[in-house]
Every structure is written in C-alpha cells, then in structure tokens.
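*Asks:* Just the structure for this:
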Amino acid sequence: MARQLRAEQTRATIVDAAADLFDRHGYESTSLSEIVAHAGVTKGALYFHFAAKEDLAHAIMEIQSTTLRRLADELTGRGYTSLEALMRITFGMARLCEEGPVLRAGLRLATAGVPVRSPLPHPFTEWREIATSRLLDAVRQADVHPDIDVDSVAHTLVCSVVGTRLVSGTLEPAGRHPRRLAQMWHILIRGMVPVTRRARYVTLAARLERETASA
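*Replies:* Presented below is the predicted three-dimensional model:
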C-alpha cells in the first residue's frame, strides 16, 4: 500500500513538473531530461510511468478533461440557470488555471497542435460541446434569444475564452484575467440575452470577476 502511494505521488510530481515546463517553455522546447531534473526524480522513475513525452502530454490533457467535466457536473446540480452555469464554468476554469500549472499546460498543448489520443476528445471539441448543451438549455429557459445560431455562439465562446486567456496571459499580470473574462461576457450578453434579462447576467459577470480575483 505504501509503495503504491509513493508511486502515485511520484507520478503526480512528474506530471506537475512537466506541466510547469510545458506551460513556461512549450512542449517542443522541453526535453525529458529537463523534466527529470525539474521533478527531482531519476530517469528510471520517469520511464516507469511514462514511456515518452507524448504520454505526459496525454496525461495532462486527461486531467484537464476530467477537471472540466467534474466542474460542469458540480455546477449542474446546484440549481443555477444554464447560462449562469456556463458563466461559472468559464470563471471556475480561470481560477483553477491559477492554482497550478496542469490546466495552463493543457491549454498550451491544445493550441500547440499536440495530437490527442482517442478516445479522449480534443479539448476545444469538448468545451464546445459543453457550451452548446448549456446554450440550448438557456434558449429553452428564455435566457438567450431563440433565433441565435447556437453552434456559432458556442464556437465563438470557446474562441473568446481561449483567446482571452492567451492574450491576457501574455501581455498582462495573471490578476487581470478575471476582468478580461468579465468584459468578454459583457459583450456576449449584449448580443444574445434578451434586454429584460441582461441586467441579471451583467451583474453576475461582475460578481464572478470579484470572486475569482479574490480566490
């Protein structure tokens, strides 16, 4: 039992080290030797868990996918409207990105064209599916205009979330990202939420910005 626990801890240490280096330097620019040194483990320990750098990338994207699904499922059961749940997912992922390097590395891997192994979906495909599902429900709940093209809005939302993260992460301090995310939502809300319901969601975006910035 103790041996298994140590093995799991070593694996987690290696994944965190790889994620940190992928996030800071990129996938292609990071070698296994650098990961070994950064993790403080032996090469044998790394190869016991991961045969190649691609295996580490896959492990990181698996964690990213599991984290997103868990967050989406948790919010679904709390009685929020579908649009509020979708907004909370985006701010929740932003908060989790600041808590550790794995989700940041997952985003960088997704934008770098690193192959995704089946049956794991590409992160952007998974995010778009979640957004589409929540938006369809939001239309039924009359929180979104009934004549919108849900697929187009879901695609635009994913592009906006990813772009906001990448641009603000490159040009601004990390603490600025919640503000940029709220500004993104203000624009989307004006375009897709009926006038009579906009105030509620604009206020929500501002509250989620404050909560995420102070977390």
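
*Asks:* Every contact and neighbour count from this point should use C-alpha atoms.
*Replies:* Will do.

*Asks:* Can you tell me how far residue 133 is from residue 82?
*Replies:* Distance from residue 133 to residue 82, counting by C-alpha to C-alpha, to the nearest Å: 9 Å.

*Asks:* er, residue 124 actually
*Replies:* Shown here: residue 124 relative to residue 82, a distance of 20 Å by C-alpha to C-alpha.

*Asks:* Just say helix, strand or coil for the residue positioned nearest the centre of the chain.
*Replies:* By C-alpha atoms, centre = their mean, the mean C-alpha position of the chain lies nearest to residue 93, the distance being 4.7 Å. For residue 93, the secondary-structure state derived from DSSP: H, G, I helix; E, B strand; the rest coil is helix.

*Asks:* Verify the contact between it and residue 68 for me.
*Replies:* Yes. Counting by C-alpha atoms under 8 Å, residue 68 is a contact partner of residue 93 at 7.3 Å.

*Asks:* tell me the SS of the residue nearest to residue 122 when sequence neighbours are not counted?
*Replies:* Excluding the flanking residues, the one nearest residue 122 by C-alpha to C-alpha, 6 or more residues apart in numbering is residue 116, at 6.0 Å. The three-state assignment at residue 116 reads coil, by three-state DSSP.

*Asks:* For burial, what's the neighbour tally of residue 116?
*Replies:* Taking other C-alpha atoms under 10 Å as the neighbour definition, residue 116 ends up with a count of 17.

*Asks:* ditto for the one 4 residues further on
*Replies:* Applying the criterion other C-alpha under 10 Å, we find 12 residues in the vicinity of residue 120.

*Asks:* same deal with residue 139?
*Replies:* There are 19 residues near residue 139, going by other C-alpha under 10 Å.

*Asks:* And the nearest residue to it once chain neighbours are set aside, how far from residue 192?
*Replies:* Across the structure, with C-alpha to C-alpha, 6+ apart as the measure, the residue nearest residue 139 apart from its sequence neighbours is residue 146 (5.5 Å). Note on residue 146: its distance to residue 192, by C-alpha to C-alpha, is 9 Å.

*Asks:* For the residue nearest to residue 139, give its distance to residue 205.
*Replies:* Taken as C-alpha to C-alpha, the spacing of residue 146 relative to residue 205 amounts to 22 Å.

*Asks:* buried set for the helix or strand encompassing residue 154?
*Replies:* Under DSSP states H and E, the secondary-structure element containing residue 154 is helix 150-171. For helix 150-171, the buried set under the neighbour-count rule, 16 or more other C-alpha atoms under 10 Å, comprises 150-151, 153-155, 157-158, 160-162, 164-166, 168.

*Asks:* Identify each buried residue in stretch 10-19, please.
*Replies:* The neighbour-count check on stretch 10-19 (16+ other C-alpha under 10 Å) flags 10, 11, 13, 14, 15, 16, 17, 18, 19 as buried.
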